[in-house]
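A.B. asks: Sequence and predicted structure below; questions after.
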Amino acid sequence: QVQLVESGGGLVQAGGSLRLSCAPSGRTFTNYAMGWFRQAPGNEREFVAAIFWGGGSTRYADSVKGRFTISRDSAKKTVYLQLNSLKPEDTAVYYCAAARGPVVPTGTNEYVHWGQGTQVTVSS
């Protein structure tokens, strides 16, 4: 059974940083793209960043380019999302997701496995 477990969310002041982790299990993800999405109250779930596990290619939403960095550690079987220069508008539940590669998609309907989410709250 595939599981994606997120961790690392919390409350931080504007300008601060957090690192989110996603630990997938239940299958080999070498040929998968791992993505991060977020959803704020009243908003649709939106793409944040994604990485192809095998080759390391990445994609970012324009709103987070230069502030967020996605990476993976194959030895630890973990995907990370480093969030820097956080803004109050980054407040949301952040979800980890997996899509069959090698394309790195940005649409929610292209991801087949999802985690439960971790809350990120940025105070002004």
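C.D. replies: Arrived safely, thanks for sending.
A.B. asks: Surely Glu89 is in a helix?
C.D. replies: Yes. According to DSSP: H, G, I helix; E, B strand; the rest coil, Glu89 belongs to a helix.
A.B. asks: Relative to Gly55, how far out is it?
C.D. replies: Remark: distance between Glu89 and Gly55 (Cβ to Cβ, to the nearest Å) = 31 Å. For glycine as for every other residue, the C-beta is placed from the backbone atoms N, C-alpha and C.
A.B. asks: hmm, who's touching the one helix or strand Tyr80 maps to?
C.D. replies: In this structure, Tyr80 is located in strand 78-83 according to DSSP states H and E. Applying Cβ atoms under 8 Å, 6 or more residues apart in numbering, the contact partners of strand 78-83 are 17-24, 34, 36, 48-49, 51, 53, 67-73, 90, 94, 96, 120.
A.B. asks: Would you mind listing the buried residues in it?
C.D. replies: Applying a neighbour-count criterion of 16 or more other Cβ atoms under 10 Å, the buried positions in strand 78-83 are Thr78, Val79, Tyr80, Leu81, Leu83.
A.B. asks: ok, back up a step: would you mind listing which of the contacts of strand 78-83 are buried?
C.D. replies: Among the contacts of strand 78-83, those scoring as buried are 18, 20-22, 24, 34, 36, 48-49, 51, 53, 68-70, 72, 90, 94, 96, 120 (criterion: 16+ other Cβ under 10 Å).
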